[in-house]
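K.L.:
Okay, predicted coordinates and the sequence, questions at the end:
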Amino acid sequence: MSEPSRILIVDDSALARRMAREAIRKILPAAVTVEAKDGAEALEKVNGDEFDVAFIDLNMPGMNGIALARELSQRDHRTRLVLCTANIQETTRQRADELGMKFIAKPISSDKVKEFLDSLD
């Protein structure tokens, strides 16, 4: 995969979105980041738009990150999905893996973003 240029960040915490955005910009300064505070807003922003990567929080009001990932993968199989959560239980990792999602434990850092990017095909 070439270097991602359009990245979606979905998290109900403004602080977590900012931390993710800053970590991503350290590694990919030219990337366009789009942010959403929950699954519904993410689906609105994705409608008709393409993203290379989506960093998705697990626990959000309304639609959780796993449900959002299912919906996004049905819409566009090219978007690489990353579950970002402090919930590091094995069952959470398995649910992410079943959807083909990568996993990043919060807090997100530029080192974790780089490790994820290095893992892409």
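P.N.:
Received, thanks.
K.L.:
Which other helices and strands does the strand or helix carrying residue 95 contact?
P.N.:
Counting by DSSP states H and E, the element that carries residue 95 is helix 90-98. Applying 3 or more Cβ pairs under 8 Å, 6 or more residues apart in numbering; DSSP states H and E, we find helix 90-98 packed against helix 65-75, strand 80-85, strand 102-105. Where C-beta positions appear, they are placed from N, C-alpha and C, glycine not excepted.
K.L.:
Check the offset of the worst-scoring helix or strand of the chain on mean pLDDT from the chain's centre.
P.N.:
Within the chain, no helix or strand scores below helix 90-98, which has a mean of 85 by mean pLDDT, DSSP states H and E. From the chain centre to the centre of helix 90-98 is a distance of 15 Å (Cα atoms, centre = their mean, to the nearest Å).
K.L.:
How about stretch 10-17?
P.N.:
11 Å.
K.L.:
and what of stretch 17-36?
P.N.:
For stretch 17-36, the distance to the chain centre is 11 Å (Cα atoms, centre = their mean).
K.L.:
Now it: average pLDDT?
P.N.:
On average, the pLDDT along stretch 17-36 is 95.
K.L.:
Could you do stretch 114-121 as well?
P.N.:
85.
K.L.:
returning to what we had before: got the helices and strands packed on helix 90-98 as CSV, with mean pLDDT, distance to residue 29 and mean neighbour count columns?
P.N.:
Conversion of those to CSV gives the following (pLDDT from 0 to 100; distance: least, Cβ to Cβ, whole Å; neighbours: other Cβ atoms under 10 Å):
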stretch, mean pLDDT, distance to residue 29, mean neighbour count
helix 65-75, 92, 25, 18
strand 80-85, 93, 19, 23
strand 102-105, 90, 20, 17
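K.L.:
Thanks again, I'm all set now.
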